[in-house]
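Asker: no sequence for this one, just the structure:
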C-alpha cells in the first residue's frame, strides 16, 4: 500500500467508526451513506478487511431498516471475505448476524 492508499484506508476506517456510532444510537438511515462511502473507498484501494467490516455494518443496518434482502447480500459478502481472510471472530459474528435475519424473517433453511 502506498501513502495515499494508507490515508484513504484511514478515511474509510473513520467513516465506518462514525457510521457505527450512529448505528449504535439507532440512526441507521444516517449511518448508511457513511459506511457506503467507506465501502467504496475500501473497494477502490483493495482493502479487503475494511470491505468485510463495511459489509457487516451495512448488513446490520439494512436489517434494522427492514431490507432483509440487502442485509443478507451484504452479510454474505462479509462472510465470504472473513473466510477468505481467515478471520474466525468475524466469521462467527457474521454468521450470528445472518441468523438474526433468518429469525426475523421466519426464513429457516
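Answerer: That came in fine, so what should we check first? Treat the numbers as computed from the prediction; the structure is a model and nothing was measured.

Asker: What are the buried residues along the longest helix seen in the chain?
Answerer: What stands out as the longest helix in the chain, according to DSSP state H, is helix 3-24. Using 16 or more other CB atoms under 10 Å as the test for burial, helix 3-24 gives 8-9, 12-13, 15-16, 19-20, 22-23. (Glycine included, C-beta is placed from N, CA and C.)

Asker: same thing with stretch 61-72?
Answerer: Buried residues in stretch 61-72, counted by 16+ other CB under 10 Å: 61-63, 67-68, 71-72.

Asker: same thing with stretch 89-109?
Answerer: Within stretch 89-109, the residues that count as buried by 16+ other CB under 10 Å are 90-91, 93-94, 97-98, 101.

Asker: Which of those residues fall within helices?
Answerer: Residues of the buried residues of stretch 89-109 located in helices (DSSP H): 90-91, 93-94, 97-98, 101.

Asker: so where's this structure uncertain?
Answerer: Counting by pLDDT under 70, the chain shows low-confidence ranges at 108-109.

Asker: Distance-wise, check residue 21 relative to residue 59.
Answerer: 17 Å (CB to CB, to the nearest Å).

Asker: ok, the ones in helices among the buried residues of stretch 89-109 vs residue 48, which is closest?
Answerer: Proximity of these to residue 48 (CB to CB) peaks at residue 90, which lies at 11.3 Å.

Asker: show me the contacts for the closest one.
Answerer: By CB atoms under 8 Å, 6 or more residues apart in numbering, residue 90 lies in contact with 52-53, 56, 78, 82.

Asker: before we move on, back to that, make a markdown table out of the ones in helices among the buried residues of stretch 89-109 and add distance to residue 27.
Answerer: Putting those into a markdown table (distance: CB to CB, whole Å) gives the following:
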| residue | distance to residue 27 |
| --- | --- |
| 90 | 24 |
| 91 | 28 |
| 93 | 21 |
| 94 | 22 |
| 97 | 19 |
| 98 | 23 |
| 101 | 20 |
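
Asker: of all the residues you listed, which comes closest to residue 31?
Answerer: Taking CB to CB as the measure, residue 97 is the one of those closest to residue 31, at 15.4 Å.
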